[in-house]
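> Need a 3D model of the following:
(one chain, ligands or ions: 1)
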Amino acid sequence: MPRLVTLAAAQLGPIQKSEGREVAVERMLRLMERAHRRGAEVVVFPELALTTFFPRWNEEDIAAADHWFETAMPSNATAPLFAAARKYGIGFHLGYAEKTPEGRRFNTAIYVHPSGEIVLKYRKIHLPGHRDFDPIRRVQHLEKRYFEVGDLGFRVVRAPLGRERANIGLMICNDRRWPEAWRVMGLQQVEVVMVGYNTPSLNMDNRGFEAHHLRVEHSHLSIRAGCYQNACFAVATAKAGTEDGHELFGHSIIVNPQGEIMAQATSWDDELITADCDLDMCALGRSTIFDFAAHRRPEAYGRITAQVGSEPPPEWTPAQPAE
Ligand code: CDV
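Now for the predicted structure:
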């Protein structure tokens with residue numbers, strides 16, 4: 001018997017700076033209802049799904065950005081999402097900005113069981129961008145200013161997913177580009193990775209040339225490789241379209257353990273894509289080419305955890321000095 005689950009990526013179109021959570025939540029509720037009608041058992045929403053991608057806006061006083069953050073989950077604004085999960089019997093993934101009671105700020109994602117209970121929480125570890133206003137950049141990316149590095153690691157939990165139980169892991173946006181994040185979860189036999197993202201259509205660093213068409217390619221390449229090399233599915237969901245003049249690409253995808261794209265969004269707006277996923281597909285890779293117990297060689301991987309930045313290799317010099 002296949003272990004079938006129907007997974008959905010609920011891509012969101014743009015959310016403007018002036019729009020409140022209730023606008024986003026209303027749109028998300030419509031997507032949940034659509035997911036229910038299509039038989040989806042889990043819906044994955046993007047990173048920072050409740051607001052515009054606010055790290056592009058500079059606030060000298062970080063407290064002035066507090067209105068973008070959630071101090072409780074669920075809150076009054078997000079409670080309808082939890083109620084919809086119960087009504088439809090659907091689990092969901094939500095990305096949001098979290099401010100803890102101690103005043104710590106994180107870029108956070110949760111996976112919520114259809115009962116409304118939070119099964120798994122993740123706080124983004126790879127924070128791209130910079131801490132201070134950068135005059136060279138076309139658009140600011142101040143994640144390092146607004147968020148602390150996540151302190152929950154890359155945890156995987158076995159939990160109900162539709163009628164099955166599955167090994168579930170979460171990552172957020174830039175994490176998808178780091179093989180280390182995937183492998184730490186692969187080592188916990190992850191079967192479904194949920195990842196939301198906000199990625200500008202253009203490289204905003206303004207420090208070199210990255211062809212426009214390769215932006216999506218690099219995102220898909222990273223997700224497909226992560227799935228293949230760790231024998232898992234991924235649901236990767238974008239916030240897409242133009243927010244206050246700043247374009248984010250869409251192209252949300254659902255990927256299988258062979259690295260194949262099973263479904264892909266084609267708009268840069270609210271859009272639901274679904275795929276029927278047999279979780280037993282994870283067994284092939286995990287028991288053959290990526291049978292970690294048989295083939296990994298951690299004794300050769302010391303640099304991966306011992307070192308952060310790269311360093312130049314030693315210079316080769318010929319044994320015989322040139323005449
Ligand atoms: N939100 C993100 O983490 N975005 C980054 C961009 C800045 C490159 C990403 O990796 O998609």
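> how about the strands of the stretch 151-300 of the chain, start to end?
156-161, 164-172, 192-197, 233-238, 241-243, 246-248, 253-255, 261-264, 271-278 (DSSP state E, counting those that start in this stretch).
> Report whether the fourth one contacts the ligand.
This points to strand 233-238. No. Counting by CB under 6 Å from any ligand atom, the ligand is not contacted by strand 233-238; separation bottoms out at 9.4 Å. Where C-beta positions appear, they are placed from N, C-alpha and C, glycine not excepted.
> quick one on the thing from earlier: can you lay out the strands of the stretch 151-300 of the chain as a markdown table showing mean pLDDT?
Below are these laid out as a markdown table (pLDDT from 0 to 100):
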| stretch | mean pLDDT |
| --- | --- |
| strand 156-161 | 97 |
| strand 164-172 | 98 |
| strand 192-197 | 98 |
| strand 233-238 | 99 |
| strand 241-243 | 98 |
| strand 246-248 | 97 |
| strand 253-255 | 99 |
| strand 261-264 | 98 |
| strand 271-278 | 98 |
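> can you redo the ones you listed as JSON lines with distance to Pro101 and mean neighbour count?
Shown next, in JSON lines, are the strands of the stretch 151-300 of the chain (distance: least, CB to CB, whole Å; neighbours: other CB atoms under 10 Å):
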{"stretch": "strand 156-161", "distance to Pro101": "24", "mean neighbour count": "18"}
{"stretch": "strand 164-172", "distance to Pro101": "22", "mean neighbour count": "24"}
{"stretch": "strand 192-197", "distance to Pro101": "24", "mean neighbour count": "29"}
{"stretch": "strand 233-238", "distance to Pro101": "29", "mean neighbour count": "29"}
{"stretch": "strand 241-243", "distance to Pro101": "30", "mean neighbour count": "18"}
{"stretch": "strand 246-248", "distance to Pro101": "31", "mean neighbour count": "19"}
{"stretch": "strand 253-255", "distance to Pro101": "36", "mean neighbour count": "26"}
{"stretch": "strand 261-264", "distance to Pro101": "39", "mean neighbour count": "17"}
{"stretch": "strand 271-278", "distance to Pro101": "35", "mean neighbour count": "21"}
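> List the contacts of the residue positioned nearest the centre of the chain.
Nearest residue to the geometric centre of the chain (CA atoms, centre = their mean): Val195, 2.5 Å. Residues in contact with Val195, defined by CB atoms under 8 Å, 6 or more residues apart in numbering, are 44, 170-173, 175-176, 223, 234-237.
> re earlier: export the strands of the stretch 151-300 of the chain as CSV, with columns for distance to Arg105.
Formatted as CSV, those follow (distance: least, CB to CB, whole Å):
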stretch, distance to Arg105
strand 156-161, 24
strand 164-172, 14
strand 192-197, 18
strand 233-238, 22
strand 241-243, 21
strand 246-248, 22
strand 253-255, 29
strand 261-264, 33
strand 271-278, 30
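> and whichever residue of the stretch 1-150 of the chain sits closest to the ligand, what element?
Closest residue of the stretch 1-150 of the chain to the ligand, CB to the nearest ligand atom: Pro128 (4.3 Å). Counting by DSSP states H and E, no helix or strand carries Pro128.
> Local confidence estimate at it?
The per-residue pLDDT reported for Pro128 equals 97.
> Surely it is in contact with Leu142?
No. Applying CB atoms under 8 Å as the test, Pro128 and Leu142 come out as separate, 10.2 Å apart.
> Using CSV, list the CA coordinates for the helix ranked longest in the chain.
Secondary structure of the chain per DSSP state H: the longest helix is helix 212-230. The C-alpha trace of helix 212-230 is given here as CSV (Å, rounded to 0.1, in the frame of the first residue of the first chain):
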residue,chain,number,x,y,z
HIS,A,212,17.7,37.4,-14.6
HIS,A,213,16.6,33.9,-15.9
LEU,A,214,19.0,32.1,-13.6
ARG,A,215,17.4,33.5,-10.4
VAL,A,216,14.6,30.9,-10.6
GLU,A,217,17.0,28.3,-11.9
HIS,A,218,19.2,28.6,-8.8
SER,A,219,16.3,28.3,-6.5
HIS,A,220,14.9,25.2,-8.2
LEU,A,221,18.4,23.7,-8.6
SER,A,222,19.0,24.0,-4.8
ILE,A,223,15.6,22.4,-3.9
ARG,A,224,15.8,19.6,-6.4
ALA,A,225,19.4,18.7,-5.3
GLY,A,226,18.3,18.8,-1.7
CYS,A,227,15.5,16.4,-2.3
TYR,A,228,17.5,14.0,-4.5
GLN,A,229,20.6,13.9,-2.2
ASN,A,230,18.5,13.4,0.9
